[in-house]
Structure formats: structure tokens, C-alpha cells
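Chemist: The following block contains a protein sequence and its predicted model.
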Amino acid sequence: MNIKTIIFQCLRDLYRKYLKKYRYIQILVIKIYNFYNTIIKFINYLLLNLKNIFAEVPFVSMTDYIKSNNIITTTIVEPEVIRIIESKLFPSKLVSFMKKQADYYQFPKIFISDVRNAKVAYYSNLVITDKAIIRHDLYNLRLDILAEEYYARAKINVKSSKICWHNQEANGYLPEAACFSDSCSPNYAHWLTEILPRIYMFANIDKYKNVPLLVDKEYHENVLESLKLIVSDIERVKFLESGDIVHVDLLHVMSPTGYIPFKRRTSSPEEHSHGIFSHTALLLMRDYLQKSINIITRTDKLKIFLRRNSHIRSVTNEKIIEESLVKQGFTVIEPEKLSFREQIKIFSQAEIVVGATGSAIANMIFCKPKTRIVILIPEFANTSYWYWQNIASAVGNMVTYVVGERDDNNSSEVHVNFQVDLTDVINAISD
């Protein structure tokens, strides 16, 4: 671990433990972080554009790469159809605003591809080869913006299906490995529903039991705890840190077990995916984790309200809602202060969950079937409303949305603060 990483880790821990609770400090830190990202994006953009046009290489889907290179694949899960459990909505006057989805979505087969002489980069699920850079099959080149593109680590030519990568020089080597690096791995919801299920599915296949696992270095204790529960031999995990690019002679690449686009390339919400998730992968991982810890059966009905300790995308009248629900027997929890095991236990035991949209809601994959899941969310046309519904449907649960008014209706920012009507919340939990 280098000195830069140590300093970052210390500052991050100081902020999370002592400073994040202060509204203005949190807002200042976010502004500084965004400014830093803007500078890095600008520098990367200049470097990308200074590169010769011949640095562009084909940007191909995994299926196309398999066909053109006779790649060996192993099917893990056959294609499946996930029936969408229709959500309820409060207030009901917004039903027409929240356009109805189809009755189901299809999730393609999950398979492992063996790619030779490949490179894996920190915070990226793209696979770099001498012939091309490979993207997974669920990524839609025309509609989706990758995080690598958004942060100017790569420049994508949509018309020619080519890509220019910022840096392809490897600084590490392994003869064999499986890759689980991803640009969204720092986000708990993406980690829990897209990355951890892939690791679980791969790590539990006997013929791969000794293969090293390339995973992004995350310092949050819950990410490390979840990895230790999934991977019995944690020494198998080889952590990638900032700037790492590892050359692998034989790279095992598992196809997605879930996917939601990072950003939209087009402004039309009708075209855009709200996310799809494998029923089999989520349920197998959930059952394994629940069996790994001691979950005590409760005789009472546990009703929980998720307090959101963030001043971004927060419910501005949360205190009023919380006080009202506590009077009705709800227990207030702060998920980010709980261990991973504690979160599994609480959500597994809950009869009803109420909380604002955010990463903690992803814990609903541990809820029993028919658990009431009530999600508070702002009214905003250009957002992926059905993201939570699609996750819930994959594990046999239903969500109820309580839609509130944004504090700034003129803002185009998705993560804006909002407030919901207390009456709508009470109606939602009583319905």
C-alpha cells in the first residue's frame, strides 16, 4: 500500500466517522470531490485527444469476440424470464406519470469466457486485448454511457464502434485469474446486486476453486466482510488499486448477473434500461449468505424505517415521517452504521421496510417474500424509476413507491432533495 493510498484511507475514515454528519461539511466535501473529478476528467480528455487517431481499437461485445476468436465458454445459468411484480404508487394521481413497464423481462444466460493475453484495469469491467477492447453483452453502445467514458478514461466512437483507452500499459502480471473489477464497485447497491453475485457464482465452481480473483480495492469494512463470507479463502482475492492494470495469460470473464446503465447517452426515458437482474444468481447468493449467519426467528413483527444520513437526495421532512412511524411501532435503523451481517439479519427479519431511495434499499434482496417495501422517491421524469422494482421482482418481492415533490423543480439533477406527504406514507404502509 503506497503513501497516497494510506493518506486517502485516513482522510476518508475521518470524514465518515466524525465529519459526514455535519450538513455543510458534507456538501463542501462533495463539491471538492466533484471539482477534483472535473479536473481529472479534463486532463484525461486532453490526453485522449492528443493520442493519434490510430490508437483507436475495435470496441466489441463479448459474444462477437467469442465468435470471431473461437473462445471457449462455459454456461453457468440458462436464460430466464423474470415476471415483474407490479408496484403500487402513492399518490395514485401519478400513475400516468410513472409509465407502466412490460409484464416481464428476459435475462440472458450467464457464462464464463476464457480470454487469453488480456488486461484488466482498476475500476473497469472492460477487457483489454491486443485485437480489441471487449464490453459485456448487456451494454448498449447507442444508449448507454460507461463510467470510463464519462470520466474520460476512454473515448468511444459510437458510429465506428471503436474505443481509445487512456492507458493500456500493464504494471502487474498473473498467469491465470478471473476479473471482477467494475466502475460501479464503490457503490453498495451495485456491489450487492451486480458484482458480489458474480463473485459468488464463480467462486463456488469446483474447477475454478484455486483461480485468483481480481477485485477493486475497497476499504469499507462491509465490502470486505461480504467478500470474506462469499470467498472462503480470502487469499484468492487480488486487490486492484488506483492505476493498476494487470496482464493475465488466461483470463476467466463471467458475464453479468445484473446491469443498470451508468448514464444515458440519449434523453428518451422510454428507450433506456431500468436494469435487469438474474433471478438465479441473486437467490443463490442470498440463500448462501443467510445460511452463513445465525438468523433468529422473531415472534414479533419487525417494522423498520431507514434513516438516511446524507444531505444529498435526502427527504427534507424525514424527521416528521420518522416520528410518526415510531409511534406506530417502527424501529429506526441507520444501515451505514451496521455491519454487513447485521444488515442481512435485520432485512431478513423485517415485515415492512420504509426508506428513501438509496444504496441501503438494495438490502431488500434479503427480505422474505411478501415483505412490504416502501420506497420514498422524488418525482422526476428522466430517472430509472423501475430499478428497485426490477431488483425486487428478481427475488420475488414487490415495492411500493411514495413519490414526493423536489425541493428545486427547476433542477435537472437527479439526486435532488425532496419531500413526501406524510399522508401518502401512512396510506402506503396501511394499504
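Modeler: Okay, I see it.
Chemist: quick one: pLDDT of the closest residue to Ser161 other than its chain neighbours?
Modeler: Once flanking residues are discounted, Ser161 sits nearest to Phe59: 5.2 Å by Cβ to Cβ, 6 or more residues apart in numbering. Where you see a C-beta, it was placed from the backbone N, CA and C, and this is true even at glycine. Per-residue pLDDT puts Phe59 at 97.
Chemist: Lys99 now?
Modeler: 65.
Chemist: And Ser92, how close does it get to Asp431?
Modeler: Applying Cβ to Cβ, to the nearest Å, the value for Ser92 to Asp431 is 10 Å.
Chemist: same thing with Glu176?
Modeler: 53 Å.
Chemist: Glu323 too?
Modeler: 21 Å.
Chemist: again, but for Asn397
Modeler: As judged by Cβ to Cβ, Asn397 and Asp431 stand 15 Å apart.
Chemist: quick one, which of those two is more surrounded?
Modeler: Asn397 (21 against 10; other Cβ atoms under 10 Å).
Chemist: what residues are up against the residue nearest the centre of the chain?
Modeler: In the chain, the centroid-proximal residue (Cα atoms, centre = their mean) is His190; its distance is 1.2 Å. Applying Cβ atoms under 8 Å, 6 or more residues apart in numbering, one finds that His190 lies in contact with 182, 184, 260.
Chemist: Generate a ChimeraX selection restricted to the buried subset of those.
Modeler: For anyone working in ChimeraX, the buried entries among these, judged by 16 or more other Cβ atoms under 10 Å, can be selected with:
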select :182,184,260
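Chemist: neighbours around Tyr151, how many?
Modeler: Tyr151, neighbours per other Cβ under 10 Å, totals 18.
Chemist: no no, Ile346
Modeler: With other Cβ under 10 Å as criterion, Ile346 counts 21.
Chemist: Look up phi and psi at it.
Modeler: phi -60, psi -50 (degrees, to the nearest 10).
Chemist: beta partners for the residue nearest to Phe418 when sequence neighbours are not counted?
Modeler: Spatial nearest neighbour of Phe418, chain neighbours left out: Pro378 (3.6 Å); criterion: Cβ to Cβ, 6+ apart. For Pro378, the beta-bridge partners are Gly404 (DSSP bridges).
Chemist: for Val77, same thing?
Modeler: Ile110.
Chemist: Run through the helices of this protein in chain order.
Modeler: Secondary structure of the chain (DSSP state H): helices at 3-14, 23-50, 62-69, 147-150, 188-190, 196-203, 221-230, 279-292, 318-327, 340-349, 387-394, 422-430.
Chemist: Go through those helices and name the closest to Pro79.
Modeler: Among the helices of the chain, the nearest to Pro79 by Cβ to Cβ is helix 279-292 (10.4 Å).
Chemist: what sits up against the closest one?
Modeler: 77, 80, 82, 107, 110, 193, 196-198, 200-201, 204, 226, 229-230, 257-258, 344, 348, 365-366, 391, 394-395.
Chemist: what do you get if the cut-off is 7 Å, keeping everything else the same?
Modeler: Residues from elsewhere that reach helix 279-292, judged by Cβ atoms under 7 Å, 6 or more residues apart in numbering: 77, 80, 82, 110, 193, 196-197, 200-201, 229, 257, 344, 348, 365-366, 394-395.
Chemist: ok, back up a step: make CSV from the helices of the chain and add mean pLDDT to it.
Modeler: Putting the helices of the chain into CSV (pLDDT from 0 to 100) gives the following:
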stretch, mean pLDDT
helix 3-14, 62
helix 23-50, 64
helix 62-69, 96
helix 147-150, 90
helix 188-190, 95
helix 196-203, 97
helix 221-230, 93
helix 279-292, 96
helix 318-327, 96
helix 340-349, 96
helix 387-394, 95
helix 422-430, 94
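Chemist: need the strands for the stretch 101-250 of the chain, in chain order.
Modeler: For the stretch 101-250 of the chain, the strands defined by DSSP state E, counting those that start in this stretch cover 104-107, 110-121, 127-128, 133-135, 144-145, 154-157, 162-165, 172-179, 213-216, 237-240, 245-254.
Chemist: Out of those, which one sits most buried?
Modeler: strand 133-135 (a mean of 25; mean count of other Cβ atoms under 10 Å).
Chemist: Can you name every helix or strand that that one contacts?
Modeler: When contacts are defined as 3 or more Cβ pairs under 7 Å, 6 or more residues apart in numbering; DSSP states H and E, strand 133-135 packs onto strand 57-61.
Chemist: so what strands line up beside the strand it packs on?
Modeler: Counting by DSSP bridges, strand 57-61 is paired with strand 133-135 (parallel), strand 162-165 (antiparallel).
Chemist: picking that back up, I'd like the distance between the residue nearest to the centre of the chain and Leu224.
Modeler: From His190 to Leu224 the distance is 16 Å (Cβ to Cβ).
Chemist: Could you double-check that Pro369 sits in contact with Ser393?
Modeler: No: using Cβ atoms under 7 Å, Pro369 makes no contact with Ser393, being 11.6 Å away.
Chemist: The two: which has the busier surroundings?
Modeler: Regarding Pro369 and Ser393, a neighbour count based on other Cβ under 10 Å identifies Ser393 as having more, with 24 against 8.
Chemist: Can you give me every residue that contacts the more buried one?
Modeler: 82-85.
Chemist: Can you tell me which of these are buried?
Modeler: Applying 16+ other Cβ under 10 Å to the contacts of Ser393 flags 82, 84-85 as buried.
Chemist: With pLDDT as extra columns, can I get these in a markdown table?
Modeler: A markdown table is the format used below for the buried ones among the contacts of Ser393 (pLDDT from 0 to 100):
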| residue | pLDDT |
| --- | --- |
| Ile82 | 96 |
| Ile84 | 92 |
| Ile85 | 89 |
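Chemist: related to what we said a few turns ago, how about the contacts made by the residue nearest to Phe418?
Modeler: 404, 406, 416, 418.
Chemist: from those residues, which is closest to Tyr208?
Modeler: Looking across the contacts of Pro378 and measuring by Cβ to Cβ, the closest to Tyr208 is Val416, at 43.9 Å.
Chemist: For that closest one, which non-adjacent residue is spatially closest?
Modeler: That would be Arg406: by Cβ to Cβ, 6+ apart, it lies 4.9 Å from Val416.
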